[in-house]
Each structure stands twice: as C-alpha cells, then as structure tokens.
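> okay, structure incoming, though there's no sequence with it:
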C-alpha cells in the first residue's frame, strides 16, 4: 500500500518556563493508505502531539511532514486549514460539536467547509446519520440534548462526510461508556473495512484491537510496531494476546 | 468584599483590551459632558454680566431720526410699567467696511456715537494705555468696544479705517470700553467727527427703557405701537430690541456647538450602556462553568453579580477620572473659544458641582447597569452552569439551516449567527442606528453649511445679487436700467422693491407679510420654490414656507392681501424657504399693481459679469453714479472747503432733499457769487444707496455656519471612533465567547480569514438595518430642520455613498476587531 503520510526527522518541542521540552524527537514514520494505524504509549509519550502534527493541526518544530509528496510542514495556518478540510477528518475525545448548532447543521458545517451545497450532499448527510443510528427525530436537536455516544457518532459523521483521505481520531471512546464506546468502534471498523485510512491515538487495549498497525511511542520516539490482520478476520483471542504481548514488551 | 474585588480584578485581567476600550468610551463621554455643561454655565453668564457691567438698557426702541417726534415720549411716560427711560442718538452705517490685514475690504456693521450719547446708552467708561495728553493730541480719536480689540487685533494708537462707498475715514484708536451691545460695533468718536459723519450716515434715535420688575417687555412693545397708531405718531421705522432675544442670540453659535457636544456625549453613553449589557451577558455565558464552580464553592449569585459590578465600577472610575481631567481642559478650550468669539471674559472657574454630578451619575449608571445585567447569573445554579447553561439554549426552530445553503457557507453562517443572536443584536442595532443617524445628519449639515455662501444662496429666499441699488423716486427706471445693462461689467439687472420696504396684510390670517416683487421670477437666481411654481399672473403669489405653515396655508389655497385699504384675493402657486425673512409674500409687478396701482420698482438687483468681482463692481458703480442722495441729502452735513465748494454742497443737499423727499424729477440751479455763476443740476442724483446685501448677510451668518460646520465634522469623526470602539469591544467579546466553537471550526478546516469574515458578517445585518434607519431618521430630521433654517439640499448620491462608506467602515472595523481569531490555536484548544 502506498504511503499517505510520512515524517522525516519530525521534532516537536514546547517551551515550558523557558525550558525546552522535546515531546517528539527525530521521528521518521510512514502512514500507509487504508491502514488503521493506532498510536499507543504512556501518558506524556507524545501520542496526541504526533497526531496533531501529522494532521496539520499543529506545525512541527523541526523536520518534515509529507502528505503524499507534498511537504505540509512549511504551510501557513490558513494553508493547513485548507489542507485539513480537503484531506482530513477528525474525531476527538471531547467530541467538540458546536453547541449552538443543531445536529444536522453540525454535519453541514463540516461538509460545507470543503464543498458546495447540493441535494446529493444533504442526502449523503442524512444517509450517514441514519447509518450511525441517529434518527431523523434527532437531526434538529442540539448537542446538549443528546448523550455522549450519540454526540460522538455525530462527530464521526461530521468527520467522514467529506470522504477524507485520512481520518484522525484522538481517544474517540475516552469519554464514552462501554456500550457507546463499542458502537463507536464498530463504526470505525466498518469504515476501515471499506478502505478508509485511519490514524487513532488511544491507550485503551480494547480500542487498539480494532487497528491493523500499532505504533508504540516512548518519550517522543517510535520504539515498536505491531501488525495485525484487519479486525474480525482473525481469531479474537490470538489477536488480543498478540497485542498484549507486544505491549508488554514495550513496557506498557 | 475582598473576594468580590479579587474576582473583579481577575475579570479585568481577562478583559484587558475590552475594558480599556470601554474605559475610553466612558472617558470620552465624561470629557464631553464635564467640558460642555460647565462651559455652558460660564458662557450663559457672559451676557447678563456684560449688560450689568456696561449698564446697557434691557429694552430699546430705535427709529430713524427723520421719523422721530419727541412727543412720542409721552406714550412712554404714560406707561406705568416703565421705570425709567432715556433718549440717545447715533449714526447708523449699514454698508460700511474695513480693510483687513491684506487690504481686502470686509463688511463691518458700525454705529457712531458721541461719548455723551454712549453714556446715555451705557456706562461709557473707556480704558486706555495712552495718557490723557496723548489722547488729546489725537486728531480723530475712536473708542472701540473691548470685544473687537481681540477680534481685530487692535491696540491704542493703531489707525482704524472705515470705508463707505469710495470714501475712507481713518481714526486713531484712543481706547476701549465695555459694551453690552454686540450686534453692531459702536464706535465712539469725537463730537467734531460725529458732526462730519452726520452727513454720511443715517441719524437714528434710540430710546433705552427699563421696565419695572414684573412688566412684560413684549406687551409694552405691542401697547406702544397701538398707542402711537391711535395718537397719530408714525412708527414705520421703529422697532424694539428685547434683552431676552439678545441673550438667546448672543452666543447662539457656541451654544449650538455645546448642544451638539452634549448630544454626542449622550450617544456615547447609550453605546456604553448597550456594550455593558452585551458584554456582561456574553461573559456570563462564556464563564458559565467557572461561575458554576464558584457557586459550588459557596459563592452566591449576588456576590458574583457584585464582582461584575465592581469590575465595571473600576473601569468607569478610571474612565471618569481621566475624563474629568480632560473635561477641565475641554472646558477651558470651549470657554476660550467663546471668549474669543464674543470678545468678553466668561470666567475660567468651573462649576465643580456640575462636574461632580456628571462624575457620580456616569459612575453609578455604569455600575448599576452592570449589576442589573450580571444578575443573570441567578439563572445558573451550579448544575445548570456545569451543563453550560442548558436552559439558555434554544431548542426551537433552527434558523437558516445549512442544508438550504445556496451560495457561500460563510454568508450563511454569518446570517445564521445573526438570527441566533437576534435578541443581542437589537441593542447593537439600536446603538448603531443612533451613531449612523448622527453621522448622516452631521454629514448633511456639514455638506450644507460647509458650502458657505452657497448655503445662503440656497436658503435665503431673497434675491442675492452682487449689488443692490436703490434709486430715488424721480429716477427714470427704464433709462437707469438700460444704462446699467449697457455696462460691460454687468451681466443682468432686475428691477424690484427694496428689501422690507413693502408690508402687506394678510386679511384672514391677521398677519403682516413683507412683499418681494419681481416682474419675471424665472429671471431670479436665488428664489427657488420648494413646492409649486413661481407666480406668473397678477392674481398669483408665493409664500415663504414658514408663513404658509404658521397660517396653515398651502399651494392651491387663496390668500386675501391688503395694502392701503385695498384688498385683493390671490392664488398661492408655491412655497419658498426663506432665511432672510420668514414672513414674505412674492408677487409679480402686475400683482403688486392690483394693490398699489402706482407701484414702481425702486431697487435694482445688479449682477456682475463674469470676471468682475462684486467689490470691483460696487466701486465702479460708485464712480459712475457719484454720491447717493442718502449721502447728499442730509441737512446736518457740515459744509467744507472754499465758498464755491460750500455753495455746491448746499445746492446738492437741497436737490437731494427735493428728489428724495418731494419726488422732483429734475432740478437745476444757477447761483451768482460775486462775478461768477455757479450752476449745476440733479442729473447725478439718481441713486439712493448701493448695498451689497449678500455680503452683509454672509457676514452675519458666517460665524454660525463655520461653528456648526466645524462641530458637525468633529461629531462625524467622534461617531466614527465610537463605532470603531463599539465594534472592537463586540468582536473581542464574540471571539472570547466563541473561542471554543471557532477553534473547532478551525479544526474542521475553516481558515482564520474565513472565520473573521463569518464573524464580522454576523453584525452586518445589524449594520445594514442601522445605516438604513439612521439615514431615514437623519433625512427626516433634516426635513424638519428645513422649517427653521430653510431648504437643505440633500444629494441622494452623496448619502448613498456615505452609507456605503459607513457599511464598509463597520465591516472593516469588525473584521479587524475579529483578528484575535488568528491567535486561537486549534492544537491548544484540542489538548486543553
């Protein structure tokens, strides 16, 4: 599979009280098309920082990030915004729906950032919402009126409505209960099965099991990689044990 | 208290920029109020103090000496409402001028008094830097009112030249004195000079009256005229001057300026009030979770509301303190301007009580309003606060759903944002409407008054030619007109009646109207009907708009006019705006002859040809037609020169009197003097006077026009600054309140510029509504003002352009104000 995202000596550091804190250190990494890449690591290992550097949410301090053959590390903030809307989708732990907008408007705000309105687009939004279990009766509701699981499913629809080349997810089930979290993960699995490239950050084993490639970060460096068959195509126990073993080796 | 202040300080730190801008608005408001109100108090004192110092009569009658009959005093003596009176005499010179520093002549309205007569009018107490012997050595001394000392930059010993026609009279300034009479400059000259000037200027009689305390001066005036009419005293040239009128017109121009400043201050205060409401509500919404935390910790809503009140109290305290300090400066500036305009001291002392009241009122209003608005925190008990004020969200219809987006999503989101915050937008729309109203009205007034002389032309309601010639009755008008028209320096000549010389009575309306008479109104240049058309037939008239409005007449109505017991019915064909005389009726020559069959025009409006200056034309006419009858006919002229000169002067006096008063068509004389025959004729005496009415009127209205034009321009700039600050505060609040949403949208791929566009676009419906409302209100207000100051030409294209500029300016301010969106880091927001 061809590489969709690539980093070269990626560094990200923050100034903390005058002291430089190096969160990502000379990281060379490749994200491949149609992979479900899961980034794992201990707290403070740089998972989220890496996710946002890869997705153009943040600029690297040093090094390069290539989207295909295009170096996006030198992009201005506005160029990065255009890059995000044209190529990326995001699902956040805190969901980040727009409180003052209805469910449907939340979806359309994301959609219209990248494309012009059309009846097909509206139909697509409706179909996606139906597909994730958000019925018509909820479309005109506001986020405050919905449960966390419902909100996250709306967040996923908003992220995929523009058919992004790559979908980023930062602890998408972190704020959800078990049942809601499972529902959300099922959606991710289904998306991946249809060929969607996904990069997800998590520290939850159950979530990580949905991935096809696990990258383990420690102190800002990728210290290990574990490959798995697509979810549901292998033995679940063996899959779990294999991942557990990998994580144990990594000192998880 | 400490915890409340701590919260308030924390709030202030969080809203630094907004607080500074709000503080500046409060500062501006307090500066204007504490500068203008005490200044008004000082300026209002000038006139009464001045009249008290100078001892000027509070009520005066003036009339031509020729008409004055001293038996008229019996009417005053019989009136027990009059405590005392005195008679004084002076020379009235309405067409005199003085040279300025560059030598250019300007109109200078002057009256000449002797010291004795001045003492009868006021307590003439001249001051001079010269010694008595120095003054005694001056050949032609003149004492000038103190207010002209500054205006004309005069000092003792300076030459002072008065020009009348082609003749110049040069005096030497002997000193200055305090005068409570300011319309016309009273020049006190020596008895000898007065005697010479008597032959040139119009001798006038003044009667100073002091009514008893409770007496109504206007009633005295009405009764005086009624009694004079009953007893057969002529009062054709008599008129009363009331202290009340003089007081109100004394500082009219500076008062207009002060009123405009005060209105501006109240507009800013309204803006401050709306901004406080807007900011408090949006801040509570933004800070709902921390507020919930505070409540959970045991703070009650009243304390949190008080912390907001304390925050605004501190902002207002800073603004009021700085504003009061600047107000002192503004006060000095305004009083200084008034003093230099009036030439009299107004006192630099400031009324501290007024300043303190303004300070306290603004401070308390701001604090109270903030407290009342901040009481909204009561709606959010901790649980609801943690749920981000769930009750505050509307769950009704979603305005402008994005599924129906047709063109730009940014436009859609902007309109949606406006609709979702419609309630908050009302306040903004209101404030913007007021400022837009102020800007458009100021623009209309400025563009109108800034045109200077053209303003006068547009609204005079009287023909303003370059020179008005009044001829003696015996002059052959047709020949005179032909002679004028043949002159290359003259473009056009229109025969008419002298301004104010014909008074007609409107029978049914029981009012008097001054007649303007022209043969063909289409030839006039400044009489412009605002409705209807010119009178064309002998039974048609036009009226001034004011006369029509007061008497409830309109175009198409009829009016019955009376002159010397002859009555005729006329059709009103149109209305004219008139600044010069609000009670005028405009008739054709034939129309006038219906009332006065012997009517003949005795004045000519003369228009200079292109390339000829009015002043130059007047001089040419002076040379061409020589001395006017007015100058020659005065019997009190002191004859000068050798015997022949004195004989000729006396002969001219007699001829002038015969032509002027007795209507002689032609007079010749031949006088044997020893072995010589001295002869002459009256052919040179055709003109009664030459006057440049335009220049006189311009001189009278210029100060007012200039002052109002300057203030309105300043007002426009301040309004623009206020708009800029309002929008900056608004955008700061919006960006802060919506930081999270904006961050999410940035994450979705909206660029900072797009979000700035959306956010600034959100206020545009308010701006568009406000600009439209402001323009309509300002135009309506301008129409209303037309009833008082005449036709105000409003160019629709200019107003439209101004509206476009206002809209673009507001958008620019909002867009610039929203620039903090750029600082929102998606990454920080996502990881916080």
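Sure thing, it's come through. Because the structure is predicted, anything quoted here is derived from the model rather than measured.

> need the contact list for the residue of the stretch 51-200 of chain A found nearest chain B.
The shortest separation between the stretch 51-200 of chain A and chain B is 2.3 Å, found at residue A:85 (distances taken as CB to the nearest CB). Placement of C-beta: from N, CA and C, glycine included. Residue A:85 makes contacts with A:113-114, A:162, B:748-750, as judged by CB atoms under 8 Å, 6 or more residues apart in numbering or on different chains.

> let me know the closest of those to residue B:173.
Each of these was scored against residue B:173 by CB to CB, and residue B:750 proved nearest at 76.0 Å.

> so is that closest one in a helix, a strand, or just coil?
Using DSSP: H, G, I helix; E, B strand; the rest coil, the structure places residue B:750 in coil.

> what of residue B:705?
Per three-state DSSP, the secondary structure class of residue B:705 is helix.

> report pLDDT for the residue lying closest to it once chain neighbours are set aside.
Spatial nearest neighbour of residue B:705, excluding adjacent residues (CB to CB, 6 or more residues apart in numbering or on different chains): residue B:449 at 4.5 Å. In this prediction, residue B:449 carries a pLDDT score of 72.

> the closest residue to chain A within the stretch 651-800 of chain B: neighbour count?
Nearest residue of the stretch 651-800 of chain B to chain A, counting by CB to the nearest CB: residue B:749, 2.3 Å away. Here the count is done by other CB atoms under 10 Å in any protein chain shown, and residue B:749 has 24 residues near it.

> again, but for residue A:236
Applying other CB under 10 Å, we find 10 other residues in the vicinity of residue A:236.

> so how far is stretch A:5-22 off the chain centroid?
Counting by CA atoms, centre = their mean, to the nearest Å, stretch A:5-22 is centred 21 Å from the centre of its parent chain.

> for stretch B:97-116, that is, sorry about that
With CA atoms, centre = their mean as the basis, stretch B:97-116 stands 24 Å off its chain's centre.

> do the same with stretch B:733-753
Chain-centre distance of stretch B:733-753: 50 Å, with CA atoms, centre = their mean.

> just the mean pLDDT for that stretch, thanks.
Taken as a whole, stretch B:733-753 has an average pLDDT of 87.

> close to chain B: what parts of the stretch 1-150 of chain A are there?
A:48, A:52, A:57-58, A:77-78, A:81-86, A:88, A:90, A:92, A:94, A:96-102, A:104-105, A:108-110, A:112-114, A:117, A:122, A:125, A:140-142, A:144-145 (CB under 8 Å from any CB of the partner chain).

> against residue A:55, how distant is the residue of the stretch 51-200 of chain A closest to chain B?
12 Å (CB to CB, to the nearest Å).

> please enumerate the strands of chain A.
Counting by DSSP state E, one finds strands in chain A at the ranges A:3-16, A:19-32, A:36-41, A:62-67, A:70-71, A:88-91, A:166-170, A:197-201, A:213-218, A:221-227.

> quick check: buried residues in the fourth one?
Counting neighbours by 16 or more other CB atoms under 10 Å in any protein chain shown, one finds that the buried residues in strand A:62-67 are A:63, A:65-67.

> again, but for the second one
For strand A:19-32, burial by neighbour count (16+ other CB under 10 Å) applies to A:23-25, A:27, A:29, A:31.

> over to the last one?
For strand A:221-227, the buried set under the neighbour-count rule, 16+ other CB under 10 Å, comprises A:221-222, A:224, A:226.

> tell me which two of the residues you listed sit farthest apart.
Distances among these were taken as CB to CB; the most separated pair is A:221 and A:226, at 15.9 Å.

> hang on, the earlier thing: sort out which of the contacts of residue A:85 are buried, if you could.
Buried positions within the contacts of residue A:85, assessed by neighbour count (16+ other CB under 10 Å), are A:113-114, A:162, B:748-750.

> list just the nearest of those to residue B:140.
Closest approach to residue B:140 among the buried ones among the contacts of residue A:85 (CB to CB): residue B:750, at 84.1 Å.

> the closest one touches residue A:84, doesn't it?
No - with contact taken as CB atoms under 8 Å, residue B:750 and residue A:84 are classed as non-touching, separated by 9.1 Å.

> coming back round to it: and the two most separated of the buried residues of strand A:62-67?
Spatially, the most separated pair among the buried residues of strand A:62-67 is A:63 and A:67, at 14.2 Å (CB to CB).

> what residue ranges in chain A score low on pLDDT?
For chain A, not a single residue meets the criterion pLDDT under 70.

> can you show me the helices along the stretch 451-600 of chain B?
Applying DSSP state H, counting those that start in this stretch to the stretch 451-600 of chain B gives helices spanning B:453-459, B:477-486, B:545-550, B:589-595.
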